[in-house]
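sharing a sequence plus its predicted fold:
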Amino acid sequence: MEAQTEQTPARPSFITILHYAVAALLFIGIAGYWYLQPGGISPISDPRAAKAMALVQTHQAHQAPTLLQALNQLAQTVEDRGKGVRIGEWTVEHLQDDYYKVQVWVREEGFRQWFERDFAWQVDLNKGRVMPLSDFAAQLMPRGERPPQPPEP
């Protein structure tokens, strides 16, 4: 005669619980990254935003072939002085019609604290024109394209 055995409900093993916990943490991390991402349009998903960013990055600079190279030279100069520097994410924001705002922050180590420089440009896609919106961006532009500066006292 066969002995009857009671079947106990299967409990999840430690490994199964660990797998679910890792999957949940991964999901929370991705959702948090997506939620905390800087504002603006992803140039990958909007070809006009990508064009605006490309116009800025490849635009002629004052002391470098392009604005992108000028920013990289600025970062290299800061590093050569033994200070920390970080060029942030390039962002693109649609303003209206053919106008976009392209912006990047450069974070530099100062004497006692870090500070940020805002480089921002407005792009007119219709005319293919790049205009500086911030003082730091204007300093990188060729002399003929800089906005007039007020006279110094």
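Yep, it's here. Numbering: from 1, shown residues only.

outside of stretch 21-38, which residues touch it?
The contact list for stretch 21-38 (CB atoms under 8 Å, 6 or more residues apart in numbering) reads E89, T91. The way it works is simple: take the backbone N, C-alpha and C, and place the C-beta from them, glycine included.

and for E89, the neighbour number?
Per other CB atoms under 10 Å, the neighbour tally for E89 reads 10.

that one against V104, yeah?
Yes. In this structure, E89 is within contact of V104 by CB atoms under 8 Å, at 7.2 Å.

spell out the secondary structure type for the spatially most central residue of the chain.
The residue lying closest to the centre of the chain (CA atoms, centre = their mean) is E89, at 1.5 Å. Secondary structure, DSSP: H, G, I helix; E, B strand; the rest coil: E89 is coil.

and the pLDDT for it?
As predicted, E89 sits at a pLDDT of 90.

and for the one 3 residues further on?
Reading off the per-residue confidence, V92 sits at a pLDDT of 92.

so what's the residue count around it?
Neighbourhood size, V92 [other CB under 10 Å]: 21.

try L125
15.

without its sequence neighbours, what residue ends up closest to it?
D98 (4.3 Å; CB to CB, 6 or more residues apart in numbering).

what strand or helix carries F115?
strand 114-124 (DSSP states H and E).

packing partners for that strand?
helix 47-57, strand 99-109, strand 129-132, helix 135-140 (3 or more CB pairs under 8 Å, 6 or more residues apart in numbering; DSSP states H and E).

can you give the strand pairings for that strand, parallel or anti for each?
According to DSSP bridges, strand 114-124 has the following sheet partners: strand 99-109 (antiparallel), strand 129-132 (antiparallel).

how about JSON lines for these, with distance to F115, mean pLDDT and mean neighbour count added?
Output for the strands paired with strand 114-124, formatted as JSON lines (distance: least, CB to CB, whole Å; pLDDT from 0 to 100; neighbours: other CB atoms under 10 Å):
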{"stretch": "strand 99-109", "distance to F115": "6", "mean pLDDT": "92", "mean neighbour count": "20"}
{"stretch": "strand 129-132", "distance to F115": "19", "mean pLDDT": "92", "mean neighbour count": "18"}
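
and the ones you listed as TSV, adding distance to W34?
Output for the strands paired with strand 114-124, formatted as TSV (distance: least, CB to CB, whole Å):
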stretch	distance to W34
strand 99-109	20
strand 129-132	30
